[in-house]
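In: Using only what follows, build the 3D model:
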Amino acid sequence: MQIPITNDACQADDVVSVRNPLPTESLLIDALAPRVADWSIQRAIVVSPGRAQVAGFLTQSLPIISTIAWYQDLFSATQARKELDERVIVECSSDLPEGEVDLVAIPLLKRGEAELSRDLLQQAHQRLANGGYLAASVDNPKDQWLHGQMQRLLDKVTCHRTDGGCVYWGCKSNSTIKIKDFSCKFVFRGEDGTHLQAYSRPGVFSHRRVDVGARQLMRSADIEPGNNILDLGCGAGTVAIASAVQTDGRVFAVDSNARAIECTNVGAQLNDLQNITSILNADGQLTFPVDIDLVLANPPYYGNDAIAQHFVDVARRALRPGGALLVVTKRPRWYAEYFEDRFVDTAIFESSRYFIACGRKP
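Out: Sure thing, here's the model as predicted:
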């Protein structure tokens, strides 16, 4: 089974294939079914936290020219591609596809990230042609927040409330709205005292700040000049950036989140670092032009062991013999057991409120 290489909360929660629509997606399909034929739709974008069954519904129900199921995460996009009508275009990128469309459909989760939702709703409005429709749903029957966001974007919003959640839709009549930039540039201190710059966006793990776990990883890494390093699940790239200033070797930053890769690339440019290579990857099948001396990993601290196991297995394959793996975690016992037959010179030590598990590849 493939597991996403990311520390993003929403993606890590959704590693199991969802063949039935998520409740929020079912709500949107049910609301669109009696209406969408009257909306003159030729091109549509569907943003989905699941498997984009709304896109399949549109393709099968309408003589539509183009339906794009958009994902920020490559793992989710790959899983959706396996289950969707082949006429649906599945795209993974950091932003919604360019070009005017007649419908953007966005099923949201009540546990989702508010700033990312605002960003996507704003982009949806920008992509709509005048007269096009924005439709959004949420699995919260008491919702007020999404209703307010839709009212900021559209002159008239229709609301359909059910016991399972709310659906809103409206027609774009005003092409000018105040555009908010949700990205963030911030400064953090490297372990050698250097002030470094980072760039993050909604949907990327630890937006606007250095994660405490990532900080412990930076403090624990013993980087030698010339080391080639792999940052597995790089997020906004803070660990990769902090590592790259300490070595003349190569630093490879890997994540399944397209925005994470974008942020890491921007961060490398801000710090004028030429030795960082960012890789969008979801299956862990990686090859490198140099031997990897050190892998630094910050997997999700929750969920089942499959995610942690995937990170460790990918790291072990990537390392040269004698190369080291450092993982930051809040679950040291599992790593102690899993490292036992796979690494030598293993150790686990406490760092702030976290633990660092380390070992060398035989």
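
In: Within the helices and strands, which one has residue 217?
Out: Using DSSP states H and E, residue 217 falls within helix 212-220.

In: chain center to that helix: distance?
Out: 21 Å (C-alpha atoms, centre = their mean, to the nearest Å).

In: tell me what that helix is packed against?
Out: With contacts defined as 3 or more C-beta pairs under 8 Å, 6 or more residues apart in numbering; DSSP states H and E, the packing partners of helix 212-220 are helix 238-244, strand 319-329, strand 344-351, strand 354-360. For glycine as for every other residue, the C-beta is placed from the backbone atoms N, C-alpha and C.

In: redo that, cut-off 10 Å
Out: strand 184-189, helix 238-244, strand 292-297, strand 319-329, strand 344-351, strand 354-360 (3 or more C-beta pairs under 10 Å, 6 or more residues apart in numbering; DSSP states H and E).

In: ok, residues contacting that helix?
Out: 7, 188-191, 205-206, 209-211, 231, 233-236, 238-239, 241-243, 246, 296-299, 301, 326-330, 349-356, 358 (C-beta atoms under 10 Å, 6 or more residues apart in numbering).

In: Would you list the phi and psi of the closest residue to residue 355 other than its chain neighbours?
Out: Nearest non-adjacent residue to residue 355, counting by C-beta to C-beta, 6 or more residues apart in numbering: residue 332, 4.0 Å away. Here the main-chain torsion angles of residue 332 (degrees, to the nearest 10) amount to phi -70, psi -30.

In: now stretch 89-102: mean pLDDT?
Out: Averaged across stretch 89-102, pLDDT comes to 98.

In: Distance from that stretch to the middle of the chain?
Out: On the basis of C-alpha atoms, centre = their mean, stretch 89-102 sits 16 Å off its chain's mean C-alpha point.

In: Give the buried residues for it.
Out: 89, 90, 92, 93, 94, 95, 96, 101, 102 (16 or more other C-beta atoms under 10 Å).

In: So which of these is the closest to residue 200?
Out: The shortest approach to residue 200 among the buried residues of stretch 89-102 belongs to residue 94, at 11.8 Å (C-beta to C-beta).

In: What ranges does the protein have for its helices?
Out: 9-13, 23-32, 53-61, 74-83, 114-127, 145-153, 212-220, 238-244, 258-270, 305-318, 332-339 (DSSP state H).

In: Could I get those helices in JSON lines, plus columns for mean pLDDT, distance to residue 170 and mean neighbour count?
Out: As requested, the helices of the chain are exported to JSON lines (pLDDT from 0 to 100; distance: least, C-beta to C-beta, whole Å; neighbours: other C-beta atoms under 10 Å):
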{"stretch": "helix 9-13", "mean pLDDT": "43", "distance to residue 170": "26", "mean neighbour count": "19"}
{"stretch": "helix 23-32", "mean pLDDT": "98", "distance to residue 170": "12", "mean neighbour count": "22"}
{"stretch": "helix 53-61", "mean pLDDT": "95", "distance to residue 170": "17", "mean neighbour count": "22"}
{"stretch": "helix 74-83", "mean pLDDT": "96", "distance to residue 170": "26", "mean neighbour count": "20"}
{"stretch": "helix 114-127", "mean pLDDT": "98", "distance to residue 170": "10", "mean neighbour count": "20"}
{"stretch": "helix 145-153", "mean pLDDT": "97", "distance to residue 170": "6", "mean neighbour count": "17"}
{"stretch": "helix 212-220", "mean pLDDT": "95", "distance to residue 170": "41", "mean neighbour count": "20"}
{"stretch": "helix 238-244", "mean pLDDT": "98", "distance to residue 170": "39", "mean neighbour count": "28"}
{"stretch": "helix 258-270", "mean pLDDT": "99", "distance to residue 170": "27", "mean neighbour count": "23"}
{"stretch": "helix 305-318", "mean pLDDT": "95", "distance to residue 170": "39", "mean neighbour count": "19"}
{"stretch": "helix 332-339", "mean pLDDT": "96", "distance to residue 170": "48", "mean neighbour count": "16"}
